[in-house]
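In: this one's structure only:
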């Protein structure tokens, strides 16, 4: 048993317009969904942990799914949970394992790409998240260079962790939801590219069967000299030169 997935598929309800009844469609990695001349490809998938972050007074400061980036085929994922509304600001550098396992070499990892034993490992950081600087930053990472770590814990679904000393707040893992990455491809130039390829192939075929000749004619002191070269080595060059000389000599 390899514990590797045999297939990934997306079940979607699809309609060509808002007035039509949606139809159930299956999208696979190498089986895109087609809309006219557009195609929708299934590129990747993963899980987003559902978390709730509260301050020390129990007020909800963040709640909802957080996108995590898969690192391997079993969907071991990394991500960042940023809570700028807390004062001081709080960030969680986190790893999510759909089926949590651990060994001495790899540490924590996922042994299967489904939610059999999900677990969220969080490292809690306090300080400036630099979200007000105007500089773009990754949603999957946190710059902790000017922050202080105040906690480290692992959560299963339904568990909460109180971080900080004295208490700063709590984080709760409520569950996880799957996500998919879709790529929509529309290539309006494809018919023109196909037509150009057909013309190029036709021209190449013609060059192989049409007799290509290069004729040299030189006149010196009233004497006419004619020579020829068969570019594609098809026979009959000598007869053609004789015919040309006869026509020129008339």
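Out: Cool, the structure landed. Given the structure is predicted, the values throughout are model-derived calculations rather than measurements. Residues are numbered from 1 along each chain as shown.
In: Spit out the contact partners of the residue nearest the centre of the chain.
Out: With distances taken as CA atoms, centre = their mean, the residue of the chain nearest its centroid is residue 43 (5.4 Å). Residue 43 is in contact with 180, 181, 182, 183, counting by CB atoms under 8 Å, 6 or more residues apart in numbering. Where C-beta positions appear, they are placed from N, C-alpha and C, glycine not excepted.
In: Tell me how far the first one lies from residue 7.
Out: Taking CB to CB, to the nearest Å as the criterion, residue 180 is separated from residue 7 by 14 Å.
In: part of a helix, is the residue nearest to the centre of the chain?
Out: No. Under the criterion used here (DSSP: H, G, I helix; E, B strand; the rest coil), residue 43 is strand, not part of a helix.
In: Which strands or helices does whichever helix or strand residue 248 is part of pack on?
Out: When elements are assigned from DSSP states H and E, residue 248 belongs to helix 237-249. Applying 3 or more CB pairs under 8 Å, 6 or more residues apart in numbering; DSSP states H and E, one finds that helix 237-249 makes contact with strand 213-220, strand 223-230.
In: Throw the ones you listed into a markdown table and include distance to residue 54, mean pLDDT and mean neighbour count, thanks.
Out: Formatted as a markdown table, the helices and strands packed on helix 237-249 follow (distance: least, CB to CB, whole Å; pLDDT from 0 to 100; neighbours: other CB atoms under 10 Å):
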| stretch | distance to residue 54 | mean pLDDT | mean neighbour count |
| --- | --- | --- | --- |
| strand 213-220 | 87 | 79 | 11 |
| strand 223-230 | 88 | 79 | 12 |
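In: now those strands as CSV including distance to residue 170?
Out: Listed next are the helices and strands packed on helix 237-249 as CSV, based on distance: least, CB to CB, whole Å:
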stretch, distance to residue 170
strand 213-220, 88
strand 223-230, 89
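In: For residue 86, which of these is the nearest?
Out: Among the helices and strands packed on helix 237-249, the nearest to residue 86 by CB to CB is strand 213-220 (83.4 Å).
In: How far off centre is that closest one?
Out: Chain-centre distance of strand 213-220: 61 Å, with CA atoms, centre = their mean, to the nearest Å.
In: And for stretch 105-116?
Out: 23 Å.
In: Please spell out which residues along it are buried.
Out: Neighbour counts over stretch 105-116 (16 or more other CB atoms under 10 Å) mark 109, 110, 111, 112, 113, 115 as buried.
In: so how far is the helix ranked longest in the chain off the chain centroid?
Out: For the chain, the helix with the greatest residue count under DSSP state H is helix 190-209. Counting by CA atoms, centre = their mean, helix 190-209 is centred 33 Å from the centre of its parent chain.
In: again with stretch 157-173
Out: With CA atoms, centre = their mean, you get 35 Å for stretch 157-173.
In: what's in contact with that stretch?
Out: 49-56, 61, 81, 86, 90, 92, 118, 120, 122, 124, 126, 150-151, 153, 155-156, 174-176.
In: Number of residues surrounding the residue nearest to residue 9 when sequence neighbours are not counted?
Out: In this structure, residue 9 finds its nearest non-sequential neighbour in residue 28, 4.9 Å apart by CB to CB, 6 or more residues apart in numbering. The number of residues packed near residue 28 is 13, by other CB atoms under 10 Å.
In: Would you check that residue 28 makes contact with residue 12?
Out: No. Counting by CB atoms under 8 Å, residue 28 stays clear of residue 12, with 11.5 Å between them.
In: Common neighbours of those two, please.
Out: By CB under 8 Å, 6+ apart, no residue touches both residue 28 and residue 12.
In: residues in contact with residue 23?
Out: Residue 23 neighbours (CB under 8 Å, 6+ apart): 13, 14, 15.
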